[in-house]
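In: Sharing a sequence plus its predicted fold:
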Amino acid sequence: MDQLTGSIEAIVYTQPENGFTVARLKEVKKKELTVIVGYMPAIQPGEVVTCSGNWKTHPSHGRQFDVQEYKVDAPADLVGIQKYLESGLIKGIGPVHAKKIVDLFGMKTLQVIDQTPHRLLEIPGMGEKKVESVIECWKQQRTIRDVMLFLRSHGLSPGYAQRIFKAYGDESVAKVKENPYKLARDVFGIGFKLADTVALKMGFAVQSPERLAAGIEFVLWELAGDGNTCYPMADFLDIAQKTLEVEGALIEKELAALAEKRAIVLQCGMIWLGVFYSYEQGIAKDLLRLIQGLQAIRPIDAVKAAEWAQSQLSIQFADQQKMAVIRALTDKVHIITGGPGTGKSTITKAILAVTQKLTNKILLAAPTGRAAKRMTQITARKALTIHALLEMDFGSGGFKRGRENPFDCDLLIIDEASMIDTSLLFSLLRAIPTGARVLFVGDIDQLPSVGAGTVLKDLIVSDLIGVTRLTEIFRQAKGSKIITNAHQINQGNFPDLETSDRSDFHFIEAETPEAIQQIILELVSKEIPERRQFDRLDDIQVLSPMKRGPIGSEALNEALQGLLNPSDRPLHRAGHRFHVRDKVMQIRNNYDKGVSNGDIGKIVEIDQEEQLMSVSFDDQIVEYEFNELDELMLAYATSVHKYQGSECPCIVMPIHTSHFKLLHRNLLYTAVTRGKRQVYLVGTKKAIAIAVHNDQVQKRFTGLEKAARELALTYRSPSHHQQLGLFS
């Protein structure tokens, strides 16, 4: 192997997940810079690097040095020290302060920061607060380097070091040594397989109880990621055996030990993570508590109230609508489900008009910020996200509202209820006072929640709660091809693809993924904004069934970013390229920041010196440290599932047979119903036909329906059920 030594002039690209880096190296006595590539996590401009490797020629980028091994030393001259400090390594020191520090301390700069950091107060503009921040950051960097070296020696990418440090702090190495399998549970992005790699290199046995327990938990969380709250035991054992590569008897023995600790629950041939079993049982008990409780709102003649609401709103209810209003004003807990144009919003306004005369203790909520905003616009009353309603407790990571601190409300209306997952419904119901009336409004035919469970469907079929199904499309909605085609799709009929400029539904035929991508880029960047006067970022949303391929969300995001929001000063982090004004999406719940999986925002500032990125989500600005940016992804294009519960003036969707595995009726139906004013489908009629005729929704295994049915039968007699109107 050849060897090179020089100082890092610039980092061209780095991939934090695995440490792959492209950098420019300044060799001694050479004018031209050398491009070096390889797995070199955390190297910084200014550092002196000795590399061993081989020369190669890249077809696009020319001659490069492929690094196989490397050693890092501190910067060797003043220029290197200054580059090192201004690289962003130390939060709070940018180019201006770096120059001042080097001008004052010269070659002793790094020694001063390491041994007598309070001397930085001698620098003009460096106050005590900034110096304390520098000291803390320098200390963290040393610890992170130690973690990196430790991980590297045990086969795990040092790119995870910052996340591990954030979870464990100064005890990072000790905690990993104690039980590396805890990494899978405690550190976002490190799953069982990576933790297993570290553990096995450290000498943990393949059959160790720690490994078996972690593997079982991993499989169950993976299944929860697919929407299951429980799973058939026989099928689970097959998956666990393939994952752990041990005999089934060993897994069954560990299952018994975990069941004894209530970490898992084994019942009726099914297996649950203990937490999901508790959620489902808790939901059933809380629903029964609410149904049995006396109403805080005084009884009224619901039929007369519905007639009064008609006159107040100057409308005439159809039979289904009138029944929905009457039931929602009578039942303690009620569900209204129906597709677009069936009058759900009108019914909500009628219920509010009546209830406002009886109490001012009314709360409105929805699972996402956009859905809550739309609810506010429709009802002229402030609606919150469910998370905001529950009030985050940043100390505990849970919610402030609950059994001991319930909402102060007599009526709670929840919109977009199909999006609520099991854990969120559990937390929500615990916080509802026993005297309150609860109304769930949603569309059961949309995709199920992103999180585990099918709670709206389970509650509807459990017969525990009264349900009104709305099926009639009203006259004003029949003029919209978006709505009529959505219902055609939902009924398994091929939609009307005849289009005109005045229509709100358009189909553009294209045979290849490459042609589809080009049409979408033209539509979003030019055609739709010019023809419809829509803002290219705020009013148009591209939805794709898949992530990969030319018309997957990843490729479309990259192309749309370059077209709609180019930048010559990008931030490369977490495998993404971020620009100011980019449209981004949060991809996991972060209760500390008050943002949820699926929330869409816009980057308003990237501060290289403080290593912070600010993102505007509706009415709040959220700050992310650079090492947290794996929680964000570009959102010019996103999946239909992630966009559920949101609406946009214009939806553009590629539909092609290359997405065959995900072409389901409820996916196409959900995508079409996201468009408020315009929908464009680009692709093939064959792909549309596949989606329309495929109603085989992926089965989710849940225990909520059974829990609700059993509890109702245990605590109620059939005559008592009928008397209270529990069955629809």
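Out: Okay, I see it.
In: for this protein, what's the longest strand?
Out: The longest strand of the chain (DSSP state E) is strand 2-15.
In: on contacts alone, who are the packing partners of the following helix or strand past that strand?
Out: Sequence order places strand 20-27 as the next helix or strand after strand 2-15, per DSSP states H and E. If you count contacts as 3 or more C-beta pairs under 8 Å, 6 or more residues apart in numbering; DSSP states H and E, strand 20-27 packs onto strand 2-15, strand 34-39. From N, CA and C alone the C-beta is placed, and that goes for glycine too.
In: Check the ones you listed for me: which has the lowest mean pLDDT.
Out: Across the helices and strands packed on strand 20-27, strand 2-15 has the smallest mean pLDDT, namely a mean of 85.
In: Which positions in it come out as buried?
Out: Neighbour-count burial for strand 2-15, with 16 or more other C-beta atoms under 10 Å as criterion, is recorded at L4, G6, S7, I8, E9, I11, T14, Q15.
In: Could you measure from the third one over to E122?
Out: So that's S7. Here S7 is placed at a distance of 27 Å from E122 (C-beta to C-beta, to the nearest Å).
In: same check, this time on the fourth one
Out: With distances taken as C-beta to C-beta, I8 is found 28 Å from E122.
In: With I508 instead?
Out: Distance, I508 to E122, using C-beta to C-beta: 66 Å.
In: Of those two, which one has the most company?
Out: Higher neighbour count among I508 and E122: I508, with 18 against 12, using other C-beta atoms under 10 Å.
In: list the contacts for that one?
Out: Residues in contact with I508, defined by C-beta atoms under 8 Å, 6 or more residues apart in numbering, are I519, L523, Y680, L681, V682.
In: So which of those belong to strands?
Out: If you go by DSSP E, those have Y680, L681, V682 in strands.
In: Start from the N-terminal end of the stretch 101-250 of the chain and give the helices.
Out: All helices of the stretch 101-250 of the chain, identified by DSSP state H, counting those that start in this stretch, fall at 109-115, 128-153, 161-168, 172-178, 182-186, 192-201, 209-225, 233-244, 248-260.
In: quick one on the thing from earlier: make TSV from the ones in strands among the contacts of I508 and add distance to I251, neighbour count and pLDDT to it.
Out: Formatted as TSV, the ones in strands among the contacts of I508 follow (distance: C-beta to C-beta, whole Å; neighbours: other C-beta atoms under 10 Å; pLDDT from 0 to 100):
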residue	distance to I251	neighbour count	pLDDT
Y680	50	23	96
L681	46	25	96
V682	48	24	96
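In: how about these in CSV, adding distance to V112?
Out: Formatted as CSV, those follow (distance: C-beta to C-beta, whole Å):
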residue, distance to V112
Y680, 61
L681, 63
V682, 60
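In: Closest one of these to E47?
Out: Distances from E47 to those, taken as C-beta to C-beta, are shortest for V682 (48.4 Å).
In: can you pull the contacts of the closest one?
Out: F507, I508, A510, I516, I519, I520, L523, V652, M653, P654, I655.
In: for G80, phi and psi?
Out: In terms of degrees, to the nearest 10, the main-chain angles of G80 are phi -60, psi -40.
In: so what pLDDT did the nearest residue to it once chain neighbours are set aside get?
Out: Distance criterion C-beta to C-beta, 6 or more residues apart in numbering; nearest residue to G80, sequence neighbours excluded, is G46 at 4.2 Å. The predicted structure scores G46 at 82 on the pLDDT scale.
In: before we move on, what about R374?
Out: Looking at R374, its pLDDT stands at 86.
In: unless I'm mixing things up, it is touching E647, no?
Out: Yes - judged on C-beta atoms under 8 Å, R374 makes contact with E647 at a distance of 6.2 Å.
In: Neighbour count for these two, which is higher?
Out: More crowded of R374 and E647, by other C-beta under 10 Å: R374, with 20 against 17.
In: Confirm that the more buried one lies within a helix, as I assumed.
Out: Yes - assessed with DSSP: H, G, I helix; E, B strand; the rest coil, R374 lies in a helix.
In: can you tell me which residues contact it?
Out: A366, D415, E647.
In: how about the CA coordinates for the longest strand of the chain, as PDB?
Out: The C-alpha coordinates for strand 2-15 follow below in PDB (Å, rounded to 0.1, in the frame of the first residue of the first chain):
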ATOM      1  CA  ASP A   2       1.100   3.600  -0.600                       C
ATOM      2  CA  GLN A   3       1.200   6.200   2.100                       C
ATOM      3  CA  LEU A   4       0.300   9.900   2.200                       C
ATOM      4  CA  THR A   5       0.700  12.500   4.900                       C
ATOM      5  CA  GLY A   6      -0.800  16.000   4.900                       C
ATOM      6  CA  SER A   7      -3.300  18.300   6.500                       C
ATOM      7  CA  ILE A   8      -7.000  18.200   5.700                       C
ATOM      8  CA  GLU A   9      -7.800  21.200   3.600                       C
ATOM      9  CA  ALA A  10     -11.600  20.600   3.300                       C
ATOM     10  CA  ILE A  11     -14.300  18.000   3.800                       C
ATOM     11  CA  VAL A  12     -16.200  17.500   0.500                       C
ATOM     12  CA  TYR A  13     -18.700  15.000   1.700                       C
ATOM     13  CA  THR A  14     -19.300  12.900   4.800                       C
ATOM     14  CA  GLN A  15     -21.900  10.200   5.600                       C
END
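In: Tell me which helix or strand R531 sits in.
Out: Applying DSSP H and E as the criterion places R531 in helix 528-532.
In: What helices and strands are in contact with that helix?
Out: When contacts are defined as 3+ C-beta pairs under 8 Å, 6+ apart, helix 528-532 sits against strand 648-655, strand 675-683.
In: Out of these, which is the most enclosed?
Out: The highest average neighbour count among those, using mean count of other C-beta atoms under 10 Å, belongs to strand 648-655 at a mean of 24.
In: That one packs against which elements?
Out: Helices and strands touching strand 648-655, by 3+ C-beta pairs under 8 Å, 6+ apart, are helix 513-522, helix 528-532, strand 540-544, helix 665-672, strand 675-683, helix 685-693.
In: Go again with 7 Å.
Out: Contacting strand 648-655 under the criterion 3 or more C-beta pairs under 7 Å, 6 or more residues apart in numbering; DSSP states H and E are the following elements: helix 513-522, strand 540-544, strand 675-683, helix 685-693.
In: The shortest one pairs with which strands, parallel or anti?
Out: It refers to strand 540-544. strand 637-639 (parallel), strand 648-655 (parallel) (DSSP bridges).
In: Contacts made by the last one with the rest, please.
Out: The set of residues external to strand 648-655 that reach it, using C-beta atoms under 7 Å, 6 or more residues apart in numbering, is 516, 520, 523-524, 528, 532, 534, 539-544, 551, 671, 674-683, 687-688, 691.
In: ok, 8 Å please
Out: Strand 648-655 is contacted from outside by 513, 516-517, 520, 523-524, 528, 532, 534, 539-545, 551, 556, 640, 663, 668, 671-672, 674-684, 687-688, 691, using C-beta under 8 Å, 6+ apart.
In: Check the first one too.
Out: Outside of strand 637-639, the residues that reach it under the criterion C-beta under 8 Å, 6+ apart are 541-547, 553, 556-557, 560, 585, 600.
In: Include neighbour count when you put the residues you listed into a markdown table, please.
Out: Below are those laid out as a markdown table (neighbours: other C-beta atoms under 10 Å):
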| residue | neighbour count |
| --- | --- |
| Q541 | 25 |
| V542 | 27 |
| L543 | 26 |
| S544 | 28 |
| P545 | 26 |
| M546 | 19 |
| K547 | 15 |
| S553 | 27 |
| L556 | 27 |
| N557 | 25 |
| L560 | 25 |
| M585 | 24 |
| I600 | 21 |
